[in-house]
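*Asks:* Next one to model:
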Amino acid sequence: LLASSQSAINGAMLAKPPVRSMSLDVPDEIKKLRNIGISAHIDSGKTTLTERILFYTGRIDAIHDVRGKDGVGAKMDSMDLEREKGITIQSAATYTNWKDNFINIIDTPGHVDFTIEVERALRVLDGAVLVLCSVSGVQSQSITVDRQMKRYNVPRVAFINKLDRTGANPDKVIDGLRNQLSLNAAAVQVPIGLEEGHEGVVDLVEDKSYIFTGEKGETIEEGPIPDDLADLVSEKKALLIETLADVDDEIAELFLMEETPSVEELKAAIRRNTIELKFVPVFMGSAFKNKGVQALLDGVIEYLPNPTEVPNTGLDLDDNEAPLPIPCDITKPLVALAFKLEESKFGQLTYMRIYQGSLKKGGYITNMSTGKKLKVPRLVRMHSDEMQDVDSVAAGDVVAMFGVDCSSMDSFTDGTVNVAMSSMFVPNPVMSLAVKPKLSTASDKFGKALGRFTKEDPTLRIHTDQESKETILSGMGELHLEVYVERMKREYDLECVVGEPRVNYRETIQQKAEFSYLHKKQSGGSGQYARVVGYIEPCEDPTTEYEFVNDVIGTNIPPEFIPSCEKGVVEAVGKGFLTGHPMQGLKVVITDGQAHAVDSSDMAFRIATRDAVKTTVPKAKGVVLEPIMDLEVNAPAEFQGTIVANLNRRMGLIQSADMSENGMDCIIKADVPLRNMFGYSTDLRSSTQGKGEFSMEYKSHEQVTRDAQDELIKLYKEAVEAG
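*Replies:* The predicted model follows:
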């Protein structure tokens, strides 16, 4: 895979890539473009790998590590908060050149709280690098990332990182890819040495060895296969060919004839089946020790698709959103998607993926969500937090633009076609905090900050509690909300007072109950009069907010007041009567009623229906529901008993407790109420000596225990009485 000329490699490293503006006259240049994301479980080395890629391709002059002693931090972690915490919070984009090819790279977070950043990146990319730790293997967030890649049909290569660590076992990781992720994966390299002895890799396709030397791994010594690895290389190459033969007819034919495929045939088969999502080539190395990164770059160019090889589908708005193929053709009308927003000192920065046509600075585009025609004042290429201006971009490219007001996942065209791109999957928030500015004079700044953050991040929601008038911020977890509170302090100089974390409870009913309710109010002049008769019962689908059914025969309730009755139901379900949380799964059927010629009104029937539901919920056995989380804990096997005991204390229901293949780690899956998960990360770290980690996702709302419900009702009553 690697060029045999060392001088060519060093030359490529030293030359800074120019700011490229893809020529609209040379469609072949599109075939030299790769749009890739680097995704993995937290702490697998994604940002470190990106840093090495930028160094070897000449985009940066020096390497700075995520938690390096120089305090500079990795290039892609441009936020101060990211550098302090040593984690990636936002996906960061950059571009670079490698051997006459162009690569757009997006480095994504690994933490489950920022999963929307991975989601939006994979939605618009053509390929991905799945990074795995050679010791930990396939971990909980690796599974989530894999699910996201499969959701958007993203071809990927795998990179087993950290081969220099004690306990490195690439074979175990490949087994995990095959068994846990159900991927048809096989190694295309064999490591030369593991742990402290890791020096380089043997390329199974070209039968060559590569030793990475020099202070920064920039010198590559190419040679024959070492004698002590000959048998292993032969075995692994046979396994590679056999794995490909399972999915590729050409290789299968050669395999049955007991012929060895040529280098060209192997490369073509790997590329073909990687793009068709039938095969995952596995590369190896150690990004931190500067080994194997250049070979991975060659693999990205060799095996991941260019934009013309990935089928994209839009929605034809003229034909009831029927699927419509969007070819990567620069001669056709513009179709683009805004997939990420950022606020900068120059205004809103919008990241765009161009799917079809071309876009020029000063040109006009139409937002398909609003129908507005907009001028593009400025186009830039992003290099983390740095930017370089360009005049035009073509189909297949990723670019950022200034001065265009839009929302995340808005589609744009040149106005000649009525087409939109499909959006992305956005999970519902699971945790809430009451938040307000410390100084009442800072309310304008507070509103501006929240407006910007909710526009940037679809998983961050905001609403005002009708009772307390507090601003409630909802998100994906404790860290997610903590980061936004911290960003308000840093980016807006805004100190906030934060309340206790809140769980998004719901209320529902368990049985049918009838009502006959009269609302009558007389205070001189025209009064209020309305009677409603009917019943409430659980919906067939318990996740439905409410159902309203009008079974009134005749005009006992005049037809013009039926919508007023439904408004009363909406008011009733908006705030439950046990704990004040919204209701769900409630079916309200009106069968009869009574009206007064003078005193009946819209308001009277609205209040009557609302209060009828309110007084009937206790008879229908109203209950409180709480969010249940699907939890996965990974930790060394000796801590299994401690972890299970801790989860039992937190009312967790253990679903499975499995051992890893080497018997070193345990993987525990459980359903746990979210209200019992606050502070769990601290508990887990202290009980496993910092070796345990967990991820959790929302599963469903289930009924709380009787004592928990009584406590919630008591707290609600006390809060109401206190005003």
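*Asks:* mind checking how far the nearest residue to Arg506 once chain neighbours are set aside is from Glu718?
*Replies:* With sequence-adjacent residues excluded and distances taken as Cβ to Cβ, 6 or more residues apart in numbering, Arg506 is closest to Leu625, at 4.3 Å. For every residue, glycine as well, the C-beta is placed using N, CA and C. From Leu625 across to Glu718, the span is 21 Å (Cβ to Cβ, to the nearest Å).
*Asks:* wait, what's in contact with Ala128?
*Replies:* Shown here is Ala128, whose contacts under the criterion Cβ atoms under 8 Å, 6 or more residues apart in numbering are Ile36, Gly37, Ile38, Ser39, Leu122, Met149, Val154, Pro155, Arg156, Val157.
*Asks:* repeat that for 6 Å
*Replies:* When contacts are counted by Cβ atoms under 6 Å, 6 or more residues apart in numbering, Ala128 touches Gly37, Ser39, Met149, Val154, Arg156.
*Asks:* Give the partner strands of the host helix or strand of the residue nearest to Arg506 in its sheet and their orientations.
*Replies:* Assigned by DSSP states H and E, Leu625 belongs to strand 623-636. Each strand paired with strand 623-636, and its direction, by DSSP bridges: strand 506-508 (antiparallel), strand 665-673 (antiparallel), strand 693-703 (antiparallel).
*Asks:* what is the rounded mean pLDDT of the shortest one?
*Replies:* Think strand 506-508. On average, the pLDDT along strand 506-508 is 90.
*Asks:* try stretch 28-40
*Replies:* The average pLDDT within stretch 28-40 is 82.
*Asks:* re earlier: give me the contacts around the strand holding Leu625.
*Replies:* So strand 623-636 is contacted by 139-140, 430, 505-508, 578-579, 643, 665, 667-674, 688, 691-704, 709, 712 (Cβ under 6 Å, 6+ apart).
*Asks:* Stretch 141-156 now?
*Replies:* Everything outside stretch 141-156 that qualifies as a contact, by Cβ under 6 Å, 6+ apart, is 39, 41, 110, 112, 118-119, 122-123, 127-128, 130, 181, 274-275, 277, 305, 695.
*Asks:* Quote the end-to-end distance of stretch 194-203.
*Replies:* Start-to-end span of stretch 194-203 (Cα to Cα, to the nearest Å) is 16 Å.
*Asks:* Check the offset of that stretch from the chain's centre.
*Replies:* Centroid separation between stretch 194-203 and its chain, computed with Cα atoms, centre = their mean, to the nearest Å, is 33 Å.
*Asks:* And for stretch 213-231?
*Replies:* Offset of stretch 213-231 from its chain centre (Cα atoms, centre = their mean): 38 Å.
*Asks:* Please apply the same query to stretch 589-597.
*Replies:* On the basis of Cα atoms, centre = their mean, stretch 589-597 sits 49 Å off its chain's mean C-alpha point.
*Asks:* burial measure for Pro618, as a count.
*Replies:* Residues lying near Pro618 (other Cβ atoms under 10 Å) number 12.
*Asks:* Tell me if I am right that it is in a helix.
*Replies:* Yes. Counting by DSSP: H, G, I helix; E, B strand; the rest coil, Pro618 falls inside a helix.
*Asks:* helix or strand for the closest residue to it other than its chain neighbours, which one?
*Replies:* What sits nearest to Pro618 in space, not counting adjacent residues and going by Cβ to Cβ, 6+ apart, is Phe577, at 7.7 Å. Under the assignment given by DSSP H and E, Phe577 is not contained in any helix or strand.
*Asks:* wait, doesn't Phe577 sit right on Lys614?
*Replies:* Yes. Phe577 is within contact range of Lys614, at 5.1 Å (criterion: Cβ atoms under 6 Å).
*Asks:* number of nearby residues for the closest residue to Lys438 other than its chain neighbours?
*Replies:* Beyond its immediate neighbours in the sequence, the residue positioned closest to Lys438 (Cβ to Cβ, 6+ apart) is Glu495, lying 4.1 Å away. By other Cβ under 10 Å, 12 other residues sit near Glu495.
*Asks:* Could you double-check that Glu495 lies in contact with Pro437?
*Replies:* No. With contact taken as Cβ under 6 Å, Glu495 and Pro437 are classed as non-touching, separated by 7.2 Å.
*Asks:* Next step: the contacts of stretch 141-156 restricted to strands.
*Replies:* Using DSSP state E, the subset of these located in strands is Ser39, Gly127, Ala128, Leu130, Ser695.
*Asks:* Throw together a PyMOL command that grabs the buried residues out of the contacts of strand 623-636.
*Replies:* In PyMOL, selecting the buried portion of the contacts of strand 623-636, with burial taken from 16 or more other Cβ atoms under 10 Å, looks like this:
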select buried, resi 139+140+430+505+506+507+508+578+579+643+665+667+668+669+670+671+672+673+674+688+692+693+694+695+696+697+698+701+704+709+712
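*Asks:* Would you map the strands across the stretch 501-650 of the chain?
*Replies:* With strands called from DSSP state E, counting those that start in this stretch, the stretch 501-650 of the chain shows them at 506-508, 513-521, 528-538, 546-550, 586-594, 623-636.
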